[in-house]
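Asker: here is my input; please provide its structure:
(chains A, B and C)
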Amino acid sequence: MITAERKPLEELIEYVKPYKRILLLGCNECVTVCAAGGRKEVGLLASGLQMALLKSGISIDIRQHTLERQCDPEYVEEIVSMIAGVDAVVSMACGCGVQQLAMRYKDKPIFPAVNTKFMGASERQGVWAERCQGCGNCLLGETGGICPIARCAKQLMNGPCGGSAGGHCEISEDVDCAWQLIWDRLKALGKEESFVEITPAKDWRSGGGSGPRKIIREDLAE
Amino acid sequence: MKTESNLEKVLNAGHLAVTSECGPPRGALPEEVVKKSKYLEGVVDAVNITDNQTAMVRMSSFAASVITKQQGLHPLLQMVTRDRNRLAMQADIIGAYSLGIDTMLCLSGDHTKFGDHPMAANVHDIDSVQLIQMVKQMRDEGKFQGGADLKGDPPKMFIGAAANPFADPFELRVMRLAKKINAGADFIQTQCIFNVDKFEKWMEGVRARRLHEKCYILAGITPIKSVGAAKFMQNRVPGMEVPQEIVDRMAATPKEEQPEEGIKICVEAIERLKNVEGVAGFHIMAIEWEEKVEEIVKRAGLYPRPQV
Amino acid sequence: MKNFEPVIVAFCCHYCAYTAADMAGSQRLPYPANVKIVRVPCSGKVDALHIVKAFEKGADGVYVAGCLEGDCHFKSGNTKAARRVEYVRKYMEEIGIEPERLEMVYLSAGMGYRFAEVATTITEKIRELGPSPIKSATAGQTGQVAC
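Answerer: Numbering: from 1, shown residues only, chains lettered A, B, ... in the order given. As a prediction, the model looks like this:
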């Protein structure tokens, strides 16, 4: 999923200060799962914002709503009347949702309430870690199911570097060495010799190197 | 012979090669490069010129290599994949070769986290193994990485790579070396060796795969100035292994005699490593202590350097 | 300010603190009327939103009372509540409410006396701190509107 973290309240206050009525808009997808921008977080932020603004003597009408998905035009369409009634929208969705709103409601100020972080998985309750960088040409089949692009600090495709120690990356004890993980998997799979094969320089065009990417499914596209 | 590199000539003639390194200054101070190179004149076969070492901005390896070359030494251009993409690197390779630089070392580089620009993007368009491949392709096929033909004579670079026998997982370290050699590395400079036993064990693995016959391995050596430096390297430098007995030996030496003790340890290590089959020379990294390289080389019986 | 009577919301676990409050009552142990008890099935049921809303609606202090360590009826509700309280305390700092206004306490069902003591101590602490800045701001705002 796409992970995110709420922006500091201070930054959000600066965004909303000039307005009288705002809509705080959550999203039921990824940001709900990573507890950053779902219905509950919308409530928490609305309450926190309201109180912080009150302290500076500002009173704003904060309306709350959460969409099924902010990254789909159908759902974004649902809130036409709601948008008409407010001066600005603060979106708690990932950057995709924020942009979807901005494209649809061209004359309405839209602000992000979260910092979109990465594509990750849950390691355990409350902990999410980066797993994929969307390079567009998956090599997990060759690397034992562990991604060196997303998980090696130096993005080495022929690692591990000389800083791998005790299973950790040189940048932090809290970061696993991706190549240690890859090696452990290759051993478990009895594919040790495949390590010696050189992975050639990557073609980054699939990974955004040739500009913004798009997928068109002819059978589905209208 | 693949190149005109002095280092290759020395190695090819069967001599134990000696290289050392020079970290360029953090400013437009060519005189610093000249000063450091003077210490190494006639003492080593090639001088590694580091590339933004420890992820700190310094005079470019390219410029400092040219200055070193002007002093009559043989620069060994280090290149890390952290700071530039493949276009910039290839441009520098042909640029450097045009100015008479014919030896280089391909590295991925320390992570920016450790330097003075932790906010910078890590480029890593390619990794060190892919850099080796790229240089080899430029040299042997006259082709850029992207496939187009290079104009004129291809850059005849003697290609080096690094190996760290002390990093984890140990069992992978020989295989990773094999990978670099298969990619096209002509010579290897290893991480500083303090744990000679472990290095010997690594070399057993190297010989088992006959890798020492496919490329020249220069053993990395670093003289320790003080017990403090020994402890720092033991605890703080990623990928470095300093055995406790070395720290204890330094600690048992009076402070003013510690530099001499450090040199003694270093010379002893060289003497022992000379007997290890497959060691083709030494890479002496006397960080900010370049003036001692000459003494080490002489005391280790590696002087005078062969004229080839 | 002398006449300030703080509003304290106490989220009390049914299996410990709430029973302890009952016991305090039956033992006729006095505790301040400022404490408004909200019975919850487990302190782990208390959400960050409940606490924040309490402050928004005018509470001067809030505490969550859960079972003693290792005694949670649902195994770990109390430790989860404690982590949530810590999280909200940080959020309160961002909002500009003194985090001391929120506390996590641990009790067992038999601690009637301890319940009364906790209620008194917290009420007195909040009395010292004065009205919550949110309450003051709301009052100020209403005042402005009235002018």
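Asker: for residue B:48, what are phi and psi?
Answerer: For residue B:48, the backbone dihedrals (degrees, to the nearest 10) come out as phi -70, psi 130.
Asker: just the helices in the stretch 201-308 of chain B please.
Answerer: B:227-236, B:244-251, B:258-274, B:293-299 (DSSP state H, counting those that start in this stretch).
Asker: same check on chain C?
Answerer: C:17-26, C:48-56, C:77-95, C:112-129, C:133-146 (DSSP state H).
Asker: for the first one, name the packing helices and strands.
Answerer: Translated: helix C:17-26. Applying 3 or more Cβ pairs under 8 Å, 6 or more residues apart in numbering or on different chains; DSSP states H and E, one finds that helix C:17-26 makes contact with strand C:8-13, strand C:35-40, strand C:61-67, strand C:102-107, helix C:112-129. Yep, even glycine has a C-beta here, placed from its N, CA and C like the rest.
Asker: identify the residues contacting the last one?
Answerer: To tie it back to what came earlier, the one meant is helix C:112-129. With contacts defined as Cβ atoms under 8 Å, 6 or more residues apart in numbering or on different chains, helix C:112-129 is touched by C:4, C:6, C:8, C:10, C:17, C:20-27, C:29-32, C:34-35, C:60-61, C:63, C:65, C:98, C:100-101, C:103, C:105, C:107.
Asker: list of residues touching stretch B:151-159?
Answerer: B:2-5, B:7-8, B:93-94, B:96-97, B:102-104, B:106, B:132, B:135-136, B:138-142, B:184-187.
Asker: type out the ChimeraX command that picks the buried ones from the residues you listed.
Answerer: Selection of buried members from the contacts of stretch B:151-159 for ChimeraX, criterion 16 or more other Cβ atoms under 10 Å in any protein chain shown:
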select /B:2,3,5,7,8,93,94,96,97,102,103,104,106,132,135,136,138,139,184,185,186,187
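Asker: please narrow the contacts of stretch B:151-159 to those residing in helices.
Answerer: Using DSSP H, the members of the contacts of stretch B:151-159 that fall within helices are B:7, B:8, B:93, B:94, B:96, B:97, B:132, B:135, B:136.
Asker: so who does residue 184 touch?
Answerer: I'll assume chain A. residue A:144.
Asker: hmm, I had chain B in mind actually
Answerer: Taking Cβ under 8 Å, 6+ apart, we find residue B:184 in contact with B:132, B:133, B:135, B:136, B:137, B:140, B:159.
Asker: let's go with 10 Å and repeat that
Answerer: A:198, B:2, B:106, B:129, B:131-137, B:139-140, B:157, B:159, B:161, B:215 (Cβ atoms under 10 Å, 6 or more residues apart in numbering or on different chains).
Asker: shaky segments in chain C?
Answerer: C:1-2, C:141-147 (pLDDT under 70).
Asker: would you mind listing what in it touches chain A?
Answerer: By Cβ under 10 Å from any Cβ of the partner chain, the part of chain C that sits against chain A consists of C:47-49, C:51-57, C:80, C:83, C:88, C:91-97, C:132-138, C:140-141, C:144-145.
Asker: select only the buried ones of those residues in ChimeraX?
Answerer: Buried residues among the residues of chain C next to chain A (16+ other Cβ under 10 Å), as a ChimeraX selection:
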select /C:47,48,49,51,52,53,54,55,56,80,88,91,92,95,96,97,132,133,134,135,137,138
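Asker: re the thing from before, could you export the helices of chain C to JSON lines, including columns for distance to residue B:148?
Answerer: Compiled in JSON lines, those are given as follows (distance: least, Cβ to Cβ, whole Å):
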{"stretch": "helix C:17-26", "distance to residue B:148": "76"}
{"stretch": "helix C:48-56", "distance to residue B:148": "59"}
{"stretch": "helix C:77-95", "distance to residue B:148": "55"}
{"stretch": "helix C:112-129", "distance to residue B:148": "73"}
{"stretch": "helix C:133-146", "distance to residue B:148": "67"}
